[in-house]
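Asker: mind folding the following:
(2 chains)
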Amino acid sequence: MSQGASYWSRQKESWASLKGLHPRSIDLRLTALIRDAQVGALLDPESLESLLLRLGLNDEALHEFPHELHPRCGRGLRIWQYPVQFSRYLIQLSRLTIHSYLEVGIRHGGSFVTTVEYLDRFHALDFAIAVDVIPCPSMAAYNSENARAQFWCLNTRGPDFAARVAELDSLDLVFIDSQHEEEHCRAEFEIIADRANLMAFHDVANRDCPGVRQVWREITRQPGYTCFEYIDQYAELGPFMGIGLAIKKERLRGVELT
Amino acid sequence: MSPTVDALKDILAKVRSEPDLSASLMDTADLVEEVGLDSLEMLQFMLEIEAALHLQIDFDKLEYATLRSIRTLAAFLDTMPLRQSTTSTE
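Answerer: Next comes the predicted model:
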């Protein structure tokens, strides 16, 4: 197979898991569930997991979701996460007083909106930036509700992304979930690494994402980071998804984490 | 002449930001070798196709060989169903 054909085969597999390349709109009214939730419920893993299910999950690559979650898929915020992983990850973030957030690869925007709304309940973010190469219809609507949230429609491999990141005063948390090829994931890490205090990666346990798994393994071996993994699975599936969180050790001074 | 072929040439000119490109392309032009779309341009090309032609491309059926000619791609796209609304929140 030629290099072009091989590349196309991988690209096509990735696109084939989507229900069309264009993101769907998400139901931003559901952010009220996060804004109105009791703090205790946001800090309890089971309660937060239940809330994430009410917010709604994505219905692409549906084979990654257990059948019992299928009624929750294709609705609401269309969060493309495993609630059992995402809930524990968010609770860890709640202990870290996050002051700014950037997410690369947002698809419909559900994980981005959920993360921003959740973090805002514990410490108001200075700004939040969603980045994707594909226009996302819900980001303009969300910006009208939350002026601190911006959308950058650009390619992270182009010069504009690095330049705009460099212009930011500071960058606390970055979540990387874009192109899952090893080279691309590593390049995004290298652009962000000097700027971000905390870096999270999606699909660090996904059997179908060897490139992300490799980059994550390399990061966990770097001495400057304390790393956490949220990789719980549903029975008889995967392993799929998985969130890795790497925190610069100097950022952790005075913070107690479990 | 196929209207889909003409539409694809116009989209290619837009993606490459070369307004004169559509007039210079042969119907048999290879999208990879001759037009030289890179991975990002290919993504933008596919997005523009879906938007402009109101299609939902079935990527399971789209083979690399289909990209070797604008005419072949147009014939493939003419078999694709119309795209569903992107505004649904279900």
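
Asker: I figured A:D160 hits A:A166, correct?
Answerer: No - contact between A:D160 and A:A166 fails when scored by Cβ atoms under 8 Å: they sit 10.7 Å apart. (Each C-beta comes from the backbone N, C-alpha and C, glycine too.)

Asker: tell me the pLDDT at B:E48?
Answerer: At B:E48, the model reports a pLDDT of 92.

Asker: who's in contact with it?
Answerer: With contacts defined as Cβ atoms under 8 Å, 6 or more residues apart in numbering or on different chains, the neighbours of B:E48 are B:11, B:14-15.

Asker: ranges for the strands of the stretch 51-200 of chain A?
Answerer: Remark: strands assigned in the stretch 51-200 of chain A by DSSP state E, counting those that start in this stretch are A:100-104, A:127-132, A:149-153, A:171-176, A:196-202.

Asker: now do chain B
Answerer: Assigned by DSSP state E, the strands in chain B number zero.

Asker: want to throw the strands of the stretch 51-200 of chain A into JSON lines with distance to B:A75 and mean pLDDT?
Answerer: Shown next, in JSON lines, are these (distance: least, Cβ to Cβ, whole Å; pLDDT from 0 to 100):
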{"stretch": "strand A:100-104", "distance to B:A75": "37", "mean pLDDT": "98"}
{"stretch": "strand A:127-132", "distance to B:A75": "31", "mean pLDDT": "97"}
{"stretch": "strand A:149-153", "distance to B:A75": "31", "mean pLDDT": "97"}
{"stretch": "strand A:171-176", "distance to B:A75": "39", "mean pLDDT": "97"}
{"stretch": "strand A:196-202", "distance to B:A75": "38", "mean pLDDT": "98"}
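
Asker: just the CA trace of the top helix by length along chain A, in CSV.
Answerer: Of all the segments of type helix in chain A, defined by DSSP state H, the longest one is helix A:3-16. Output of helix A:3-16 as CSV, limited to C-alpha atoms (Å, rounded to 0.1, in the frame of the first residue of the first chain):
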residue,chain,number,x,y,z
GLN,A,3,2.1,6.1,1.8
GLY,A,4,-0.9,8.1,0.5
ALA,A,5,-3.2,5.1,0.5
SER,A,6,-2.0,4.1,4.0
TYR,A,7,-2.6,7.6,5.3
TRP,A,8,-6.0,7.7,3.7
SER,A,9,-6.9,4.4,5.2
ARG,A,10,-6.2,5.7,8.7
GLN,A,11,-7.9,9.0,8.1
LYS,A,12,-11.0,7.3,6.7
GLU,A,13,-11.2,5.0,9.7
SER,A,14,-11.2,8.0,11.9
TRP,A,15,-13.9,9.9,9.9
ALA,A,16,-16.0,6.7,9.5
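
Asker: in that helix, what's buried?
Answerer: When neighbours are counted by 16 or more other Cβ atoms under 10 Å in any protein chain shown, the buried residues of helix A:3-16 are found to be A:7-8, A:11-12, A:15.

Asker: tell me how far the closest residue to B:R71 other than its chain neighbours lies from B:D38.
Answerer: In space, and not counting its chain neighbours, B:R71 is closest to B:D27: 4.4 Å by Cβ to Cβ, 6 or more residues apart in numbering or on different chains. Note on B:D27: its distance to B:D38, by Cβ to Cβ, to the nearest Å, is 22 Å.

Asker: now the residue in the stretch 101-250 of chain A that chain B sits nearest to. Its backbone dihedrals?
Answerer: Checking the stretch 101-250 of chain A residue by residue against chain B with Cβ to the nearest Cβ singles out A:N155 as nearest, at 5.2 Å. The phi and psi values for A:N155, taken as degrees, to the nearest 10, are phi -90, psi 130.

Asker: count the residues that sit near it.
Answerer: The criterion is other Cβ atoms under 10 Å in any protein chain shown. On that basis, A:N155 has 17 neighbouring residues.

Asker: list the contacts for it?
Answerer: Contacts for A:N155 were tallied using Cβ under 8 Å, 6+ apart; they are A:133, A:161, B:40.

Asker: the first one contacts B:L43, doesn't it?
Answerer: Yes - shown here, A:V133 and B:L43 form a contact pair, counting by Cβ under 8 Å, at 6.5 Å.

Asker: quick one: the closest residue to B:L40 other than its chain neighbours and A:I129, what's the gap?
Answerer: Once flanking residues are discounted, B:L40 sits nearest to A:N155: 5.2 Å by Cβ to Cβ, 6+ apart. Going from A:N155 to A:I129 by Cβ to Cβ gives 15 Å.

Asker: fine, thanks again, bye for now.
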